[in-house]
Every structure is written in structure tokens, then in C-alpha cells.
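Undergrad: how would this look folded up:
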Amino acid sequence: MAVSFMTIRDAATYLGVSPLTLRNWDRQGKLPATRHPMSNYRIYKTDDIEKLLRDIESGTMPTKAKPRKVLKRKLTVKSVID
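TA: Numbers count the residues shown, from 1 in each chain. I've put the predicted structure just below:
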């Protein structure tokens with residue numbers, strides 16, 4: 001069975017947090033990252049990310065993070081009359 005990995009950007013997008021949050025979680029031991037053997041970048045096991053998401057949603061992992069709100073802004077076009 002092949003293990004699949006996500007980059008830090010993909011994992012952050014999937015979880016709805018910033019890459020900096022994932023780095024902090026790595027330092028705190030909440031979501032350990034492995035390192036890519038060639039580039040030494042952080043990569044995350046997909047199974048670990050899905051388990052973390054389930055733990056957050058079920059409330060078994062306390063987090064201070066608040067759900068993000070998506071801001072919907074209307075674009076307005078201003079006309080300039082000379």
C-alpha cells in the first residue's frame with residue numbers, strides 16, 4: 001500500500017488554516033511532518049491530516065482556532081467623469 005503525502009500548502013488549504021499554523025502544530029507535536037528526502041520541505045501524510053480533521057470536528061482535539069469566514073465582497077465600478 002502506497003502512502004500519499006500533501007505539501008504544506010495543500011494541507012493548509014484542506015484544513016482551512018495557514019501554513020504557519022501547520023508549522024506551529026508541527027513544533028507542538030499536534031501534526032508531525034515528515035521531510036521530503038530531496039528538498040527537505042515539510043510534507044504531511046494524508047491519513048494524519050484526515051485523522052486530525054476528524055479529531056477537531058469531533059471535539060477530541062481542543063483547538064483555539066475559530067472557523068474561518070469567507071468574506072464575499074461586491075465589486076463596484078466607479079466611473080470618473082471629467
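Undergrad: Spell out the residue ranges of the strands in this protein.
TA: 5-7, 34-35, 42-45 (DSSP state E).
Undergrad: most neighbours per residue, which of these?
TA: strand 42-45 (a mean of 20; mean count of other CB atoms under 10 Å). To be clear about C-beta, it is placed using only N, CA and C from the backbone, and glycine gets the same treatment.
Undergrad: elements contacting that strand?
TA: With contacts taken as 3 or more CB pairs under 8 Å, 6 or more residues apart in numbering; DSSP states H and E, strand 42-45 sits against strand 5-7, helix 8-15, helix 19-28, strand 34-35.
Undergrad: for the protein, what's the longest helix?
TA: Longest helix of the chain, by residue count under DSSP state H: helix 46-58.
Undergrad: pLDDT on it, on average?
TA: Averaged across helix 46-58, pLDDT comes to 86.
Undergrad: quick check: angle from it to helix 8-15?
TA: 30 degrees (axes from the mean of the first three to the mean of the last three CA atoms, to 10 degrees).
Undergrad: gap between helix 46-58 and the chain center?
TA: Taking CA atoms, centre = their mean, to the nearest Å, one finds helix 46-58 lying 11 Å from the centre of the chain it belongs to.
Undergrad: list the buried ones in that helix?
TA: 48, 49, 52, 56 (16 or more other CB atoms under 10 Å).
Undergrad: What distance do you get for residue 19 to residue 55?
TA: Counting by CB to CB, to the nearest Å, the separation of residue 19 from residue 55 is 20 Å.
Undergrad: Now tell me what touches the helix-or-strand element of the chain with minimal mean pLDDT from outside.
TA: Every helix and strand of the chain was ranked by mean pLDDT, DSSP states H and E. The lowest is helix 46-58, at a mean of 86. Around helix 46-58, the neighbours that count as contacts under CB atoms under 8 Å, 6 or more residues apart in numbering are 3, 4, 5, 6, 11, 14, 15, 30, 31, 32, 61, 63.
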